[in-house]
Each structure stands twice: as C-alpha cells, then as structure tokens.
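Colleague: task: produce atomic coordinates for the following.
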Amino acid sequence: MNHKKTRCRFEDFNRDFNDLYASLKKENYSDGEIRRVFHPLVATTRKSRRLYLLLVVIFLAVAFYSLTFWEAFTWHLSAVFRIALIKLLPYFDWRYLKNERCLVPKFAASHDPSDVTFNCYVCENIKRVDAYDSIDEDVLSQRYLDLDVPIILTKGIEHWIRNPDFLFAKLAAEVDFALSYPCNVATNVCARNVDVATLLKMTESFDSFFVHFRNCEGDAVRTFRKYSYRPDVFPDIYSPTTYNWMLWSKDYNATAFKKIELAEKVALLGQMHGKTRVKLSPRNNCEFACPVLDFVLNVGEYVIFTALWDLHYRPFETGYNVAALMETRS
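Modeller: This is a model prediction of the structure:
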C-alpha cells in the first residue's frame, strides 16, 4: 500500500493547534496544565531556533574570514575602522593604548614611587655635582650610579646634532616621529593635544616659547634614539632607552623651574644646543636630609642621575636651547 506524504500548511497547522487549545479549555484544563502538555514541542522549537542562529553565526564568521584574504576588502575595512577611531577621539582618547602590552588592566596593587625609601647617607654631604671629561665605566657604576650620586660628563655626545634648524628639519622628515602624539607635554604655544609636527609648526608664530614632551609611542622613541645615542661610557647593564624627552626653548625668560616626571631608575640629560639651568631635588625620605643641587648644563655636556633625584629645569633666557633626556632601567 502506497502512502502519500502530505505537506501541512502553516495555516492548517495553526488552526489545529487552536482547535486543540479550545478543546482543552472546554475540558477545564488550566493554563499551567496546557503548558505542560505543549512543553516538549516548545523545547524542541527553541532548540531548533538556537541551532539555526548558531549556523547563521558560523556562516557569517566563515564568510568574513574568507573576505579578509581579499586585499580590496581589508583595505576598505581598515579605512572604515580608522575613520571610526578618529571620530571616537572627542569622546575617548585611545591613543595611549597603542603602546600597551595588555589592554586588560592589572588588578595587582600598583607601585607608588612615593613609597620608596632611599639611603640618605649617600647624598647628605654632597656639595656639588662632580664633572669629568670622561670616566671609566666601572667607576661610573660603583662610585656614582650604585650610590645614587649624580655626575656631569663633558665628552661622549659629540655625535649629537648641534644645529637646531638642521635637527628639526631631520625630525620633521621622520614620519614616525612627526605624526606621533607625545605625552607629558608642557608648552606656552598650545593648549590642546596635537602631534609633534603640529606642535613644532606652532612655535614658528612665537618669538619666545618653551616646549618639553615625552615620546610615548614606540616608533617615535626608536626614531629619536637615532639623534640622541647613548654615550659609550653608559654601562651595558642598563637597558636601551625606555623613554626619551625633548626640551626646547627660545628666548624664554621665566623664573619658575619646570618639573619633569620621570618613571625609570636612571636618566641622562644631554645639552644639544645652548644651555639649561638644572635643579636636582632629593626625593621622599631624603627631601630634608640632602641638599638641592643647582648647576648649568652647557652644550655638549650631560648629567646622569638616579631615581633618588627629582629633575627640575629652567630654560636659558637667551637664544635657542635644545636638550634631550633619556630614561633607562637596569
């Protein structure tokens, strides 16, 4: 006997269910009892719907992944994301995230530099900062850096560019540096966050100005290293430059010293052009035990100091003055 399969239309199926529901109500079934009767069917329907949604998601994911191998698609997708990120800037400044190793914040207790305790005996009797033409690397480590005693050297950065016009022309041609957004910016020429090229361009409208900033983008740090090499005397136990800064002024006559917020254990401040007035202030528990050290850094000289000291500087009041600051850790 042949059995023909008949296709049930939704209208017929829906009518039968409505008739069954009406029949159950006539038999005085409660709504709860009716739900229990239809529960196996409802559960099956939900599972089918979830399976369908899962298959749709998998299909879309595979299709998107396949499209990423198409160069035109990835180029347009990248452009759309870049535009979206730029539009997001007024509401959330995400640029600092580019250099983060992990986007998930650590929940461990953060280290507060103000909690560090120093041995004040190493600095309480310092009368001035020692200055040498050159020094042996071991002596530099054992006599000065290991004891948190600052030192000035007059030879070792002769290869740094001395001409400010030539220096800034070279830096402006370095795209990774010029288009980077610096951190810890302090200046009298701009009150908003701009890239380095825009910041340097703004100085052209001022007869008197000062600018200092920290390069916080990795490519900008690496680019600026080419113009502020580490001196050969610097011990190898210290890592490559972690952060570097630029200090620049022109005919800026101010009485107040400006503080540089350093993050690493050892810092080197080198004078590329002109002069800089420097003040090293003892930190934390040594603030009142050790003297403040004042001196002028002349062109070609550099001072090396450790985290025991806070750095303050005052731009020299005449002419162009350019200095480079590098931070490193052991």
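
Colleague: what segments of this protein are helices?
Modeller: 10-26, 31-67, 71-88, 137-139, 164-173, 175-178, 196-202, 218-225 (DSSP state H).

Colleague: what is the mean pLDDT for the fourth one?
Modeller: Looking back up the chat, that one is helix 137-139. Averaged over helix 137-139, pLDDT sits at 91.

Colleague: try the fifth one
Modeller: The average of the pLDDT scores along helix 164-173 is 90.

Colleague: would you mark the buried spots in it?
Modeller: For helix 164-173, the neighbour count (16 or more other CB atoms under 10 Å) marks Pro164, Leu167, Phe168, Leu171 as buried. For glycine as for every other residue, the C-beta is placed from the backbone atoms N, C-alpha and C.

Colleague: so Val149 makes contact with Asn125?
Modeller: No. With contact defined as CB atoms under 8 Å, Val149 does not reach Asn125; the gap is 10.4 Å.

Colleague: the more surrounded of those two?
Modeller: Val149 (18 against 8; other CB atoms under 10 Å).

Colleague: pLDDT score for the more buried one?
Modeller: Reported pLDDT for Val149: 95.

Colleague: let me see the domain layout of this protein.
Modeller: As assigned by automatic domain parsing, the chain contains the domains 10-92, 118-328.

Colleague: which of the ones you listed has the lowest mean pLDDT?
Modeller: Minimum mean pLDDT among the domains of the chain: domain 10-92, a mean of 76.

Colleague: how distant is that one from the center of its chain?
Modeller: 41 Å (CA atoms, centre = their mean, to the nearest Å).

Colleague: got it, and stretch 275-287?
Modeller: Worked out by CA atoms, centre = their mean, stretch 275-287 lies 26 Å from the chain centre.

Colleague: for that stretch, which positions count as buried?
Modeller: For stretch 275-287, burial by neighbour count (16+ other CB under 10 Å) applies to Lys275, Thr276, Arg277, Val278, Lys279, Leu280, Ser281, Pro282, Arg283, Cys286.

Colleague: alright, calling it a day.
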